[in-house]
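Student: need a structure here:
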Amino acid sequence: GAETVEAFRLRARTGSEGRRAAAFSPRRLLPPTFSDRSVPISPSRKPDMRAYLIQTYQSVLASYWFVPTIMAILAAILALVLIQIDNWLPRTFVGDNPFFYATQPDGARSILNAIGGSMIGVAGTVFSVTMATVVFASGTYGPRLLTNFMNDRGNQVTLGTFVATFVYSILVLRTVRDGG
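Tutor: Prediction:
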């Protein structure tokens, strides 16, 4: 005859029609929780720290600002290392090559200031226009478009290049002094 869904599930769970298991309950279909385990968990046991660290690590890697931050930190380290190398080398190291002495400290400051200002301006303009376009398009095509844009490494590296160039220019700019 016709068998109800509930009777079929009960028979599948017990393995026979005659032996009756515990009454059918939707709770039985859920995965076991800590309270369902037969072995009690000691109160001193902490939640799995390794799983928490892995989840945190993956969320940091998936962040839009992770790659630009790493690139900015590397640019700062590079600027500080190259400044120390420049201070360590003797002034006669490059010789009398006019290429290295064509500009005075005022010219070098102006160039670094222009590079730093333009990089932060370009980064702000490009990404504000791009984000406005992506948000507008995500209304039509769905929210996955915004997520795909944020997870794209090309966009992250582009933003990182702009920010890293700005950081490098500003850190080197503060060390340009008049010769004397």
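Student: any idea which helix is longest in the protein?
Tutor: Counting residues, the longest helix found in the chain (DSSP state H) is helix 105-141.
Student: packing partners of that helix?
Tutor: Packed against helix 105-141 by the contact rule (3 or more C-beta pairs under 8 Å, 6 or more residues apart in numbering; DSSP states H and E) you find helix 144-151, helix 153-173. Where C-beta positions appear, they are placed from N, C-alpha and C, glycine not excepted.
Student: residue ranges with poor pLDDT in the protein?
Tutor: Low-confidence segments of the chain, defined by pLDDT under 70: 1-47, 100-102, 179-180.
Student: tell me which of the helices and strands packed on helix 105-141 sits most buried.
Tutor: helix 153-173 (a mean of 19; mean count of other C-beta atoms under 10 Å).
Student: just checking, what packs against that helix?
Tutor: On a contact count with 3+ C-beta pairs under 8 Å, 6+ apart, helix 153-173 meets helix 66-88, helix 105-141.
Student: measure residue 106 to residue 112 for me?
Tutor: Distance, residue 106 to residue 112, by C-beta to C-beta, to the nearest Å: 11 Å.
Student: which one's more surrounded, these two?
Tutor: Neighbours per residue (other C-beta atoms under 10 Å) separate residue 106 from residue 112, with residue 112 holding more: 19 against 10.
Student: what sits against that one?
Tutor: With contact set as C-beta atoms under 8 Å, 6 or more residues apart in numbering, residue 112 has these partners: 169, 170, 172, 173, 176.
Student: quick check, nearest of those residues to residue 56?
Tutor: Among the contacts of residue 112, residue 170 lies closest to residue 56 (C-beta to C-beta), at 30.8 Å.
Student: surely the closest one meets residue 116?
Tutor: Yes. If you go by C-beta atoms under 8 Å, residue 170 and residue 116 touch, sitting 5.2 Å apart.
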